[in-house]
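# Okay, predicted coordinates and the sequence, questions at the end:
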Amino acid sequence: RKEVEQDPGPFNVPEGATVAFNCTYSNSASQSFFWYRQDCRKEPKLLMSVYSSGNEDGRFTAQLNRASQYISLLIRDSKLSDSATYLCVVDSFGNEKLTFGTGTRLTIIP
Amino acid sequence: EAQVTQNPRYLITVTGKKLTVTCSQNMNHEYMSWYRQDPGLGLRQIYYSMNVEVTDKGDVPEGYKVSRKEKRNFPLILESPSPNQTSLYFCASSSYRVDDYNEQFFGPGTRLTVL
């Protein structure tokens, strides 16, 4: 099983719709979880950290489910500018490194 | 401006010709890391450094070397590049405490082609 798994997509979603991604991780001891956004041929940038109690930043909501070992990202009222690849990132507890998922590609359609 | 810089941004070279990709950060971060990104494989860590003179292997270290003589710089060295090292490379830095990860700031990437 991969350390971090994401559905690669692509997800083609009409503007204004709500879209959700899940990401599963294998290390039950992981403590730190993030969503990064990567635009085509650009560097990844932090979108949001994921906290145990769940957290929201504007149209974006992140959730953590420790029992099932997955994190989720919900985007409401999607905009054209949300088109990007979304990377799930999880720490490998005790190994001093972060593991990146392969990313989920999202395209918002006008 | 807080940033991570990489040079060169694009490089085409031939098999066996030693090259160095530089990485520098101006945020006084302890943690620096190199990744390569390939289609379908995502970002894979090559080497990382927790602080000056401390480096360790990531998931795919074969064929690469690094050094961390100064806090701000973390060069990636390919002693004898091969075509399977053709990839997009990212350097990243972050502040770090044990088992407490902060935002990683990435450089703009270096697209390397080895013929």
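Okay, I see it.
# From what I see, B:Arg9 and B:Gly107 are in contact.
No: using CB atoms under 8 Å, B:Arg9 makes no contact with B:Gly107, being 9.3 Å away. C-beta coordinates here come from the backbone N, C-alpha and C atoms, glycine included.
# Leaving out chain neighbours, which residue sits closest to B:Val54?
Closest residue to B:Val54 apart from its sequence neighbours, by CB to CB, 6 or more residues apart in numbering or on different chains: B:Arg68 at 6.7 Å.
# Name the residue in B:Arg9 and B:Gly107 with the higher neighbour count.
More neighbours surround B:Gly107 than the other of B:Arg9 and B:Gly107, with 24 against 12 (other CB atoms under 10 Å in any protein chain shown).
# Mind listing what's buried along stretch B:35-43?
B:35-37, B:42-43 (16 or more other CB atoms under 10 Å in any protein chain shown).
# Quick check: chain neighbours aside, which residue is closest to the residue nearest the centre of chain B?
What sits nearest the mean C-alpha location of chain B, by CA atoms, centre = their mean, is B:Trp34, with 2.6 Å. Closest residue to B:Trp34 apart from its sequence neighbours, by CB to CB, 6+ apart: B:Ile46 at 4.3 Å.
# Please report how far that neighbour lies from A:Pro8.
Remark: distance between B:Ile46 and A:Pro8 (CB to CB, to the nearest Å) = 22 Å.
# Between those two, point out the one with more neighbours.
B:Ile46 (23 against 14).
# so the more buried one makes contact with B:Ile77?
No: using CB under 8 Å, B:Ile46 makes no contact with B:Ile77, being 10.9 Å away.
# Could you tell me which residues touch both of the two?
B:64, B:66 (CB atoms under 8 Å, 6 or more residues apart in numbering or on different chains).
# What about the buried residues of stretch B:35-43, which are in strands?
Of the positions in those, B:35-37, B:42-43 sit in strands, assigned by DSSP state E.
# Give the other helices and strands that the helix or strand of chain A with the lowest mean pLDDT contacts.
In chain A, no helix or strand scores lower on mean pLDDT, DSSP states H and E than strand A:98-100, which sits at a mean of 88. For strand A:98-100, the packing partners by 3 or more CB pairs under 8 Å, 6 or more residues apart in numbering or on different chains; DSSP states H and E come out as strand A:84-91, strand B:42-51.
# next helix or strand past the longest one?
Where DSSP states H and E defines the elements, the next helix or strand beyond strand B:42-51 is strand B:54-57.
# what does chain A have sitting close to chain B?
Proximity of chain A to chain B, by CB under 8 Å from any CB of the partner chain, involves residues A:8, A:31-32, A:34, A:41-46, A:49, A:87, A:91, A:93-94, A:96-103.
# Lowest-confidence one in the ones in strands among the buried residues of stretch B:35-43?
pLDDT across those is at its lowest for B:Gly42, which sits at 87.
# Settle this for me: that residue is touching A:Thr104, isn't it.
No: with contact defined as CB under 8 Å, B:Gly42 does not reach A:Thr104; the gap is 10.8 Å.
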